[in-house]
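>>> this one's sequence-less:
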Ligand SMILES: C[S@@+](CC[C@H](N)C(=O)[O-])C[C@H]1O[C@@H](n2cnc3c(N)ncnc32)[C@H](O)[C@@H]1O
């Protein structure tokens, strides 16, 4: 414990350089590095890729912290669960995963992964949907911006039938709906027929605006192939269940992180692991308008409810105002996280640095922490600094206004209750932990005694390896 408290978490901060995290000064601190990168980009249960979601965790990040700070059976909470990465990893590791998100798409994606049906249940339901399907003209049943994306004699009538018939409160139906959302749009394969998705060829990650898409379809002469939606969904089901389902069920809540203590029992969480929304960078509603249409949700309602503060957007565009309202939001949320945290728990908050026109590069996590630390009932134990692949940053995908706002550095603040210190990590040899996770991504990992750093057999970050 003492060694952790001695850590200088302000130590080397390289925003654009090679060094991307504060090199631990002692072997005992070697675990304070982004070891999950050693798992590689392909690590993760197949459920994670059911439907892409912007700004999601690499699954290894929450898994690393879950293994370090919790025991099987503990409660792990993510108040901004997005596609459900952290609570799913918790359930896969034999912990109780709880995910909360205010975006109905995110809440649905989290729910289906934490409480999935069986493959047979999905196939039986799909067969029933197919049996009750009668091809009908699309007519007024879909708006023009949806009609331009899907073939209108086979694909769209089938999608409309499933949209109308699937009940989002039913476990099996919800799973089919979430999977359908995942294959709704995406790029075509070279041979087109084996494409995974149902739309014209377009990105899978996000929905471009209807106006942009209309021009893009026209200018590039894109075609709408008559994909069989039932068949593609059936194939997807076989794929989704190929790795089995988590042994433990979790809990997903469509709710507000600012009211976390009304959703999760106070004092119950051994780990809160989360990444709050950026400074209004991602409009989760607007950028998911096609999937929200499928779920019958209103894009403007979603974006209104997710806005950090109900102020005029033009006001919020000033950097000072945005930072101030962001800190107010974070203050609320972290006070709620503190309330649900066990006395010996850890609250791990990942925040990316921003590159800002007025002030240049900003270490948002540490600046915001300085602003709010007196009010949230938590103390900073240590920070893990993680460079992220710049190309993967969602804010770079979006229009001119936001381009370049994210930098290459994410910081994971490891917070604990006042006076408690960070608990000792379960694995003093992070390389051995990474090996164990890689060997058993979907089954609970048995606790292994802390061992001395040994030979690293899996791919681990070069920078981290030097310190071990
Ligand atoms: C950076 S994303 C988190 C992604 C997540 N870590 C994952 O792996 O998918 C932030 C999330 O915060 C959600 N959100 C924004 N404001 C919220 C609020 N007040 N309460 C709960 N969720 C909120 C957004 O809908 C979005 O899903």
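Looks like it came in fine. Computed from a prediction, not measured in an experiment: that's the story for all the values here.
>>> Could you count how many residues lie near the residue of the stretch 151-300 of the chain found nearest the ligand?
When scored by C-beta to the nearest ligand atom, the stretch 151-300 of the chain has residue 257 as its residue closest to the ligand, at 3.6 Å. For every residue, glycine as well, the C-beta is placed using N, CA and C. Look at residue 257: counted by other C-beta atoms under 10 Å, it has 23 neighbours.
>>> Compute the number of surrounding residues for the closest residue to it other than its chain neighbours.
Using C-beta to C-beta, 6 or more residues apart in numbering and skipping the chain neighbours, the partner closest in space to residue 257 is residue 79 (3.7 Å). Counted with other C-beta under 10 Å, the neighbours of residue 79 add up to 31.
>>> tell me the pLDDT at residue 79?
Per-residue pLDDT puts residue 79 at 98.
>>> Residue 57 too?
On the pLDDT scale, residue 57 gets 94.
>>> Test my guess that it contacts residue 87.
No. Residue 57 lies out of contact with residue 87 (C-beta atoms under 8 Å); the separation is 10.8 Å.
>>> Tell me which helix or strand comes right after the helix or strand harbouring residue 328.
Taking DSSP states H and E as the definition, one finds residue 328 inside helix 319-340. Under the assignment DSSP H and E, the closest C-terminal helix or strand after helix 319-340 is strand 341-356.
>>> Check which helices and strands that next one is in contact with.
helix 60-69, strand 269-274, helix 319-340, strand 360-362, helix 364-372, strand 406-416 (3 or more C-beta pairs under 8 Å, 6 or more residues apart in numbering; DSSP states H and E).
>>> What residues of the helix holding residue 328 count as buried?
Buried residues in helix 319-340, counting neighbours by 16 or more other C-beta atoms under 10 Å, are found at 322-323, 325-327, 329-340.
>>> From the contact counts, what lies against that helix?
Helices and strands touching helix 319-340, by 3+ C-beta pairs under 8 Å, 6+ apart, are helix 260-263, strand 269-274, helix 313-316, strand 341-356, helix 364-372.
>>> how big is the angle separating the fourth one from helix 60-69?
Here strand 341-356 runs at 150 degrees with respect to helix 60-69, directions being taken by axes from the mean of the first three to the mean of the last three C-alpha atoms, to 10 degrees.
>>> Quick check: buried residues in strand 341-356?
Buried residues in strand 341-356, counting neighbours by 16+ other C-beta under 10 Å, are found at 341-342, 345-356.
>>> That one pairs with which strands, parallel or anti?
strand 269-274 (parallel), strand 360-362 (antiparallel), strand 406-416 (antiparallel) (DSSP bridges).
>>> Now do the contacts for residue 228.
By C-beta atoms under 8 Å, 6 or more residues apart in numbering, the residues touching residue 228 are 154, 155, 158.
>>> Backbone torsions only: list them for the residue nearest to residue 171 when sequence neighbours are not counted.
Spatial nearest neighbour of residue 171, chain neighbours left out: residue 117 (5.1 Å); criterion: C-beta to C-beta, 6+ apart. When read as degrees, to the nearest 10, the backbone of residue 117 gives phi -80, psi -170.
>>> OK, contacts around residue 117?
171, 172, 175.
>>> Check the first one and give its pLDDT.
Looking back up the chat, that one is residue 171. So residue 171 comes in at 97 (pLDDT).
>>> And the last one, by the same measure?
Note for residue 175: predicted pLDDT of 98.
>>> Report how many residues lie close to it.
27.
>>> Now it: which helix or strand?
Using DSSP H and E, residue 175 falls in helix 171-183.
>>> okay, now the closest residue to the ligand within the chain: neighbour count?
Closest residue of the chain to the ligand, C-beta to the nearest ligand atom: residue 82 (2.2 Å). Using other C-beta under 10 Å, residue 82 has 24 other residues around it.
>>> who touches it in this structure?
By C-beta under 8 Å, 6+ apart, residue 82 lies in contact with 53, 55, 56, 57, 101, 103, 106, 109, 110, 275.
>>> What helices and strands are in contact with the helix holding residue 175?
Using 3+ C-beta pairs under 8 Å, 6+ apart, helix 171-183 sits against helix 104-114, helix 119-131, helix 155-165, helix 229-240, helix 289-295.
>>> Among these, which comes closest to residue 418?
helix 104-114 (30.4 Å; C-beta to C-beta).
>>> and the helices and strands packed on helix 319-340 as CSV, adding mean pLDDT and distance to residue 415?
What follows is the helices and strands packed on helix 319-340, written out as CSV (pLDDT from 0 to 100; distance: least, C-beta to C-beta, whole Å):
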stretch, mean pLDDT, distance to residue 415
helix 260-263, 98, 14
strand 269-274, 98, 9
helix 313-316, 48, 26
strand 341-356, 90, 4
helix 364-372, 92, 9
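>>> where are the low-confidence patches of the protein?
Confidence mapping of the chain against pLDDT under 70 gives the ranges 1-28, 279-281, 308-321, 356-360, 388-407, 441-468.
>>> From residue 148, how far off is residue 217?
Distance of residue 217 to residue 148, given as C-beta to C-beta, to the nearest Å: 6 Å.
>>> okay, and the common contacts of these two?
Common neighbours of residue 217 and residue 148, using C-beta under 8 Å, 6+ apart, are residue 200.
>>> if we can go back for a sec, Serialize the strands paired with strand 341-356 to TSV and add fields for distance to residue 185 and mean neighbour count.
TSV is the format used below for these (distance: least, C-beta to C-beta, whole Å; neighbours: other C-beta atoms under 10 Å):
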stretch	distance to residue 185	mean neighbour count
strand 269-274	28	27
strand 360-362	34	15
strand 406-416	24	23
